[in-house]
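**Student:** quick one, structure for this:
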Amino acid sequence: MSIIFHKMHGAGNDFVLLDLRQQDYPLDAKRAGLISDRHRGVGCDQILVLRKPAQPENIACYEIWNSDGSRAYQCGNGARCIGLYLESHGDIDSAPFTLESPSGTIILQRSADGQFEVNMGVPDFEPAKVPLNLDPEGDRYSLESPWGPLEFGAVSMGNPHVLVLIDDIADIRIPDIGAFISTHDSFPVGCNVGFAQVENRGKIQLRVYERGAGETLACGSGACAAMAILKRSERVDDVVDVLLPGGHLVIKWPGDHQPIKMKGPAEYVFRGILNG
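**Tutor:** Next up is the predicted model:
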């Protein structure tokens, strides 16, 4: 079976997009893993699948498949790429529009600078909503590890996120610590692990180890999670520049009970045909 695919990226976080609103394709965990393979397939961090929306007021519904064949529930960089794809195909104009994501409806719109801004919803810090089987100490958690006690914050952005503060963003232990926390028994469905170096109240550097994909060049929901956790502990202001290995995102959050917004780039790389 042949199908058209679209290769895109948001700040280096790369995707294969399949528009299944008008065509069928039997995607499953095994096939998702093969497509994502950078040697035997197209290669990507995640696969984005567009389907017809359940509600007519929404433009489309989308699914997210990680490179290991597992499912994800939110992806801010992917949402911006979907916005660019829909715009390039004449499905939307510059006005705000809504998409049905695995974690609920999200709102996107073009910014004056040409980038897309995504309303990512309200961060949820309740341990049961992350989900996380640890008792907090204030707004922090702690795990014993081969590197000693690890302290972190945790939040749900539609998917589970942890944030560890570090002094050096180039720390060579980050991939190993990320893998340790991401698969720890304290997280029933795993988690994404961010590592942040705070430069000042308006700028941080961030690396993210994503469950099901490993370390990626950028993670939009991870950038939102980092901002929310840091803002809650009064380490940053309402607007933060997040510098990731693949690019720059701007995160805005006025505080509790308010939605968090993310602005950043989206790039169309190429299209092709998958056979089989």
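
**Student:** OK, contacts around the closest residue to P188 other than its chain neighbours?
**Tutor:** Once flanking residues are discounted, P188 sits nearest to P131: 5.4 Å by C-beta to C-beta, 6 or more residues apart in numbering. In this view, the C-beta of every residue, glycine as well, is placed from N, C-alpha and C. Residues in contact with P131 (C-beta atoms under 8 Å, 6 or more residues apart in numbering) are S156, P160, F187, P188, V189.

**Student:** the second one: neighbour count?
**Tutor:** Just to be clear, that refers to P160. P160: 24 surrounding residues under other C-beta atoms under 10 Å.

**Student:** that one and H184 touch, don't they?
**Tutor:** No: using C-beta atoms under 8 Å, P160 is not in contact with H184, being 11.3 Å away.

**Student:** ok so, going back, nearest to K263, of the contacts of P131?
**Tutor:** Nearest to K263 among the contacts of P131: S156, at 21.2 Å, using C-beta to C-beta.

**Student:** got the contact list for that closest one?
**Tutor:** S156 makes contact with P123, D124, F125, E126, K129, V130, P131, according to C-beta under 8 Å, 6+ apart.

**Student:** grab the nearest non-local neighbour of it.
**Tutor:** Nearest in space to S156, with sequence neighbours left out and distances taken as C-beta to C-beta, 6+ apart, is D124 at 4.3 Å.

**Student:** how far away is that neighbour from I260?
**Tutor:** Note on D124: its distance to I260, by C-beta to C-beta, to the nearest Å, is 11 Å.

**Student:** these two: which is more packed in?
**Tutor:** I260 (25 against 14).

**Student:** can you pull the contacts of that one?
**Tutor:** I260 neighbours (C-beta under 8 Å, 6+ apart): N119, M120, G121, V122, P123, M157, C224, M227, A228, I251, K252, W253.

**Student:** now, of those, which are buried?
**Tutor:** Neighbour counting by 16 or more other C-beta atoms under 10 Å classes N119, M120, G121, P123, M157, C224, M227, A228, I251, K252, W253 among those as buried.

**Student:** can you tell me which of those are in helices?
**Tutor:** Counting by DSSP state H, the buried ones among the contacts of I260 place C224, M227, A228 in helices.

**Student:** residue ranges of the strands in the stretch 151-276 of the chain, please?
**Tutor:** Secondary structure of the stretch 151-276 of the chain, counting by DSSP state E, counting those that start in this stretch: strands at 160-165, 192-200, 203-210, 214-216, 239-244, 247-252, 261-264, 267-275.

**Student:** can I get those strands in a markdown table including distance to D45 and mean pLDDT?
**Tutor:** Listed next are the strands of the stretch 151-276 of the chain as a markdown table, based on distance: least, C-beta to C-beta, whole Å; pLDDT from 0 to 100:
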| stretch | distance to D45 | mean pLDDT |
| --- | --- | --- |
| strand 160-165 | 16 | 98 |
| strand 192-200 | 12 | 98 |
| strand 203-210 | 7 | 98 |
| strand 214-216 | 5 | 95 |
| strand 239-244 | 13 | 98 |
| strand 247-252 | 14 | 98 |
| strand 261-264 | 15 | 97 |
| strand 267-275 | 13 | 95 |
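
**Student:** can you tell which of the ones you listed is closest to F5?
**Tutor:** strand 267-275 (5.3 Å).

**Student:** need the residues that contact that closest one.
**Tutor:** 1-10, 14, 35, 42, 81, 84-85, 88.
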